[in-house]
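J.: compute the structure for the input listed below.
(one chain, ligands or ions: 2)
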Amino acid sequence: MSTVWLQVGQCGNQIAQELWHILGLVNGSCGKMDKNPFCSRDGKLSAICVDSEYKVIKKMQKQVKKGLFRESNLIIGKQGRGKNWACGYYNKPLNCEESLLYNTMERLRKEVELRDCYSGTVLFHSLSGGTGAGLGSHLCEEIRDEYPLGQILSVTVAPYQTGECPLQHYNVLLCLSWLQRYTDGVFLFHNDDVLRRTIASQGKKNLQDSRVLSQVSLSSMNTYIADCVAGLLCPVSNFQTASGLSIGVEPWELLRAVCPAPTMKFLHVAQTSTRGQVLWDSMVSSVTRFLAPESSTGDPHYSTSLLSVVRSNHCSLIQPQSSAMKRLQRAYGCVSWNPFPLSLWTASYDMRDSTGQRHSLTVCANHSSIIDLLKHTVEKAQKMYSAKAYIHWYRQYGCEGKDFEQAFDTLSSVETEYYSARE
Ligand SMILES: Nc1nc2c(ncn2[C@@H]2O[C@H](COP(=O)(O)OP(=O)(O)O)[C@@H](O)[C@H]2O)c(=O)[nH]1
Ligand SMILES: [Mg+2]
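T.: Numbering: from 1, shown residues only. Ligands and ions are numbered 1, 2, ... in the order given. All right, here's what the predicted structure looks like:
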């Protein structure tokens, strides 16, 4: 009841839509507000949907009619941002449209006023496009400035490492550096990792087979991401009042648990689920299956802190001292200098299945694998920047050399922090 949800750009809107879908909200309004921390008192979702293009948001008009979204919270521009961070960030209205930044901040202000109290904003977006990455970065900066006590959690997607847009390295560089400066935590999904995990969750064995890869839809990948977000942010019994009401503080308690230091805020998130009988040791094996044991330079990966959320009618069997949780800590390489690396939250049912058949384990780790994305991005962007490749495309919207140089500095210092936290 204290969070505003902000979905920006194609990827951000599609993932958030999938979240509302799996929470069973898309076919109507929020229902009884007390039971639903995502909505305002009037039963409308506290979400603002922004895109520079019409095609994704137009699908949400249906849910305005059904009473889920406020019509004024759908904010649409007239022209895409050309997969260019600077075009999104510098917010020059294109094609006579109104300012997306100004309109979004106005709606956010209204939504904050409707909350019982305001604790923060959860932002959904991608790292490598124009709208979600560029406008999303600018929104983080504005929100931080206007609500300095509110927290900001970004849910973001890194592009495939190969084969996407040539501008992606600049966009990821600039967006990650803004997230480091203005957010309190980042759920960082990688499309490569999401693809692998989605295939595995569908029971397919041959993960390298190009036919198998091509059969996976974006929508099923978004289901995986949204399931992870729901697993972490939906109500858990740990924070319910004595009368069983949800206070809706999960996003902010999560940041306290896994991002205690502002220098390390990039979070690795994974989920596994099963139906019927549950064996927690095999759930742990499944959720840790694709965790890289070491970095591209051969250093073992580690975690400074870990949150494990268990949703199951058997959740009372799991304790922080259980053998499965010990295995989880070992697999995530919890550092020895933190005597309490694991937080465990539980809920007696999974929000995806009221019949009690589904059991899920969602893990959020402050994990050193972020170093690999930082290194890869900085290396590629630095090579392009030295050759002055595509720079004029950024300059024409107002992006200066100092934006790039500060971004290189910011990401290098994050890399150093993650290295020095090792042991
Ligand atoms: N997982 C996932 N990735 C997406 C989706 N849509 C776009 N992307 C990724 O996001 C990046 C492009 O960003 P996009 O959101 O389309 O740009 P924007 O509309 O300008 O913000 C690319 O790396 C795409 O692979 C989606 O629905 N799901
Ligand atoms: Mg777009």
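
J.: gap between the two ends of stretch 286-306?
T.: 17 Å (CA to CA, to the nearest Å).

J.: name the residues that touch that stretch?
T.: 193, 196-197, 200, 257-258, 260, 264, 268, 270-272, 328-329, 331-335, 338, 341-343, 361, 363-369, 371-372, 375-376, 421-423 (CB atoms under 8 Å, 6 or more residues apart in numbering). The way it works is simple: take the backbone N, C-alpha and C, and place the C-beta from them, glycine included.

J.: what about it, average pLDDT?
T.: The pLDDT scores in stretch 286-306 average 93.

J.: buried residues in that stretch?
T.: For stretch 286-306, burial by neighbour count (16 or more other CB atoms under 10 Å) applies to 286-288, 291, 295, 301-306.

J.: give me the subset of those residues lying in strands.
T.: 303-306 (DSSP state E).

J.: who does whatever helix or strand Glu106 lives in touch, helix- and strand-wise?
T.: Assigned by DSSP states H and E, Glu106 belongs to helix 100-114. On a contact count with 3 or more CB pairs under 8 Å, 6 or more residues apart in numbering; DSSP states H and E, helix 100-114 meets strand 3-8, strand 47-51, strand 74-76, helix 136-146.

J.: just checking, next helix/strand downstream of the third one?
T.: The helix or strand immediately downstream of strand 74-76 is helix 85-89, counting by DSSP H and E.

J.: list the contacts of that next one.
T.: 9, 52, 81, 129-138, 167, 170-171, 174-175, 393-399, 403.

J.: over to stretch 166-174?
T.: 83-86, 89, 127-130, 133-134, 137, 158-159, 165, 373, 377-378, 380-381, 384-385, 389-390, 393-394, 399, 403-404, 407-408, 411.

J.: what secondary structure does Lys55 sit in?
T.: For Lys55, the assignment made with DSSP: H, G, I helix; E, B strand; the rest coil gives coil.

J.: buried among the contacts of stretch 166-174? Make that a ChimeraX selection.
T.: Buried residues among the contacts of stretch 166-174 (16+ other CB under 10 Å), as a ChimeraX selection:
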select :83,84,85,86,89,127,128,129,130,133,134,137,158,159,373,377,378,380,381,384,385,393,394,399,403,404,407,408,411
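
J.: in helices only, show me the contacts of stretch 166-174.
T.: Judged by DSSP state H, the subset of the contacts of stretch 166-174 located in helices is 85-86, 89, 137, 373, 377-378, 380-381, 384-385, 393-394, 403-404, 407-408, 411.

J.: mind listing what's buried in the helix holding Glu106?
T.: In helix 100-114, counting by 16+ other CB under 10 Å, buried: 100-101, 103-105, 107-108, 111-112.

J.: how about stretch 90-100?
T.: Result for stretch 90-100 [16+ other CB under 10 Å]: buried residues 90-91, 100.

J.: pull up the distance across it, start to finish.
T.: 11 Å.

J.: please name the bridge partners of the spatially most central residue of the chain.
T.: Closest residue to the average C-alpha location of the chain: Val155 at 1.6 Å, with CA atoms, centre = their mean. Here Val155 shows beta-bridge partners Phe124, Phe187, assigned using DSSP bridges.

J.: surely it meets Gln14?
T.: No. Using CB atoms under 8 Å, Val155 is not in contact with Gln14, being 11.9 Å away.

J.: can I get the ones in strands among the buried residues of stretch 286-306 in JSON lines with distance to ligand 2?
T.: Supplementary listing: those in JSON lines, determined by distance: CB to the ion, whole Å:
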{"residue": "Ser303", "distance to ligand 2": "34"}
{"residue": "Thr304", "distance to ligand 2": "35"}
{"residue": "Ser305", "distance to ligand 2": "34"}
{"residue": "Leu306", "distance to ligand 2": "34"}
